[in-house]
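In: what would the 3D arrangement of this be:
(one chain, ligands or ions: 2)
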Amino acid sequence: MIKRPIIIDTDPGIDDAVAIAVALFSEELDVKLITTVSGNVSLDKVTYNAMCLLKYFGKEEIPVAAGASKPLLREVIDASDIHGKTGMEGFDFDEPDMSKLLKEHAIDAMRKVILESNEKVTIVPIGPLTNIALLIRTYPEVMENIEELVIMGGSTGRGNAGVMAEFNFYADPEAAKIVMKSGLKISITPLDVGLKALVLPEDSEQIKLMNKTGEMFYSLFKRYRGGSFSTGLKMYDSCAIAYLLKPEMFETAFTFVDIETKGELTYGCSVVDLRGYLKEEPNATVCIDVDAQMFRDWLMDRIRNCN
Ligand code: RIB
Ligand code: CA
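Out: Residues are numbered from 1 along each chain as shown. Ligands and ions are numbered 1, 2, ... in the order given. From the prediction side, this is the model:
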């Protein structure tokens, strides 16, 4: 099987942790690099968390590079209310060897991986898009060797961080706008599917007993406020990996997407023009629905495989 080369750009983050695990243990994917970005919590914490995860999964050979510590323009916001102060509260990870963290900036590490790859590289941003915007503006030569961006972000409707803004896009709207206008092949798994991609109570009880990864996830889930044990835990970021590995789970629309960066009340809103009012050429494939049961079955199977 030819493994698809990917880079995961992330802000772990409890739901990021699940997405990263599934990707690392998927034989279809070759995770070439993990880059971190300020988002759920500060850059130092998300970077430490990424290193903790790789140590926990026995995958310390995968390089990690830290990226942007703040958005391009707006003030820093975080989601520590959702993920805890550390960003992955609920489980005590062994100290990782932080000397293994790459010395170069995330965009330099991404540039090297992309330009050296014999196959076009897919980038999976599951945090704010600051690193991605910096990468394509600083090193435009990478564009021709990027296969696709598969992004967790945005919403065709209401937000989860602002009235009309989803957290990843709200955390750096200007970066999101740069990326949407880049001309790269873009697929998006927005809140519309993230809110239906749930780990239900019966799933959590099974996950707890599956393996050491499930045991760790269960501990994190007790602190995760992206939903709840009883109503379902929202696996936003795993939707991006699910789209890569089982796109048939999703209903999609090829449409025009832009980001509001001037709206006083709608700053960070992803404007998804499903009915073509703006008469703009489509620039993204947007997942507008997901088979929730198929997602659950898929995720349980993938977590079972994380060992
Ligand atoms: O809106 C969901 C996104 O914001 C996810 O990436 C999650 O990690 C949170 O940071
Ligand atoms: Ca995330």
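In: name the SS class of residue 176, please.
Out: helix (DSSP: H, G, I helix; E, B strand; the rest coil).
In: for it, what are its contacts?
Out: 128-129, 133, 153-154, 168-169, 259, 268, 270 (C-beta atoms under 8 Å, 6 or more residues apart in numbering). For glycine as for every other residue, the C-beta is placed from the backbone atoms N, C-alpha and C.
In: residues contacting the residue in the stretch 201-307 of the chain that ligand 2 sits nearest to?
Out: In the stretch 201-307 of the chain, the residue found nearest to ligand 2 is residue 237; the distance is 4.9 Å by C-beta to the ion. Applying C-beta under 8 Å, 6+ apart to residue 237 gives the contacts 10, 13, 15-16, 18-19, 126, 152.
In: cutoff 6 Å now
Out: With contact set as C-beta atoms under 6 Å, 6 or more residues apart in numbering, residue 237 has these partners: 15-16, 19, 126, 152.
In: so it versus residue 299, what's the distance?
Out: As for residue 237, its distance to residue 299 is 11 Å (criterion: C-beta to C-beta, to the nearest Å).
In: quick check: residues of the stretch 151-300 of the chain near ligand 1?
Out: Contact residues, the stretch 151-300 of the chain versus ligand 1 (C-beta under 6 Å from any ligand atom): 152, 160, 166-168, 236-237.
In: return a ChimeraX selection command for the buried portion of the residues you listed.
Out: To isolate in ChimeraX the members of those that are buried, counting by 16 or more other C-beta atoms under 10 Å, one can use:
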select :152,160,166,167,168,236,237
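In: between the residues of the stretch 151-300 of the chain next to ligand 1, which is nearest ligand 2?
Out: residue 237 (4.9 Å).
In: follow-up on the earlier one: let me have the residues of the stretch 151-300 of the chain next to ligand 1 in TSV, adding distance to residue 117 and pLDDT as columns.
Out: As requested, those are exported to TSV (distance: C-beta to C-beta, whole Å; pLDDT from 0 to 100):
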residue	distance to residue 117	pLDDT
152	23	99
160	34	98
166	30	98
167	30	98
168	25	98
236	27	98
237	23	98
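In: just to revisit the earlier point, in strands, which of the contacts of residue 237 fall?
Out: Cross-referencing those against strands under DSSP state E gives residue 152.
In: and the contacts of stretch 264-280?
Out: So stretch 264-280 is contacted by 154-156, 162, 164-165, 169-170, 173, 253, 255-260, 286 (C-beta under 6 Å, 6+ apart).
In: out of those, which sit inside strands?
Out: 253, 255-259, 286.
In: check contacts around the residue nearest in space to the middle of the chain.
Out: Centroid-nearest residue in the chain, with C-alpha atoms, centre = their mean: residue 126, separated by 1.4 Å. Residue 126 makes contact with 10, 16, 19, 152, 237, 240 under the criterion C-beta under 6 Å, 6+ apart.
In: is the second one in contact with residue 9, as I believe?
Out: What it means is residue 16. No - Residue 16 is beyond contact range of residue 9, at 10.1 Å (criterion: C-beta atoms under 6 Å).
In: what parts of the protein come near ligand 2?
Out: 11, 13, 16, 126-127, 237 (C-beta under 5 Å from the ion).
In: who's in contact with the helix or strand hosting residue 149?
Out: Residue 149 belongs to strand 146-152 when assigned by DSSP states H and E. Residues outside strand 146-152 that contact it (C-beta under 6 Å, 6+ apart): 120-126, 184-189, 236-237, 240, 243-244.
In: in strands, which of the residues you listed appear?
Out: 121-125, 186-189.
In: out of the contacts of strand 146-152, which end up buried?
Out: 121-126, 184, 186-189, 236-237, 240, 243-244.
In: the lowest-mean-pLDDT helix or strand in the chain pairs with which strands?
Out: Every helix and strand of the chain was ranked by mean pLDDT, DSSP states H and E. The lowest is strand 227-228, at a mean of 92. The strands beside strand 227-228 in its sheet (DSSP bridges) come out as strand 232-234 (antiparallel).
In: residues in contact with the strand it pairs with: which ones?
Out: 194, 198-200, 221, 224, 226-227.
In: cutoff 10 Å now
Out: For strand 232-234, the external contacting residues (C-beta atoms under 10 Å, 6 or more residues apart in numbering) are 14-15, 18, 82, 160, 191, 194-201, 203-204, 207, 217, 220-221, 224-228, 292, 296.
In: so where do the helices sit in the protein?
Out: With helices called from DSSP state H, the chain shows them at 14-24, 43-56, 80-83, 106-116, 130-138, 167-171, 173-180, 191-194, 201-210, 212-221, 238-245, 292-304.
In: OK, contacts around the closest residue to residue 79 other than its chain neighbours?
Out: Nearest non-adjacent residue to residue 79, counting by C-beta to C-beta, 6 or more residues apart in numbering: residue 40, 4.5 Å away. Listed by C-beta under 10 Å, 6+ apart, the contact set of residue 40 reads 10-16, 46, 49, 78-84, 86-88, 127-128, 167-168, 171.
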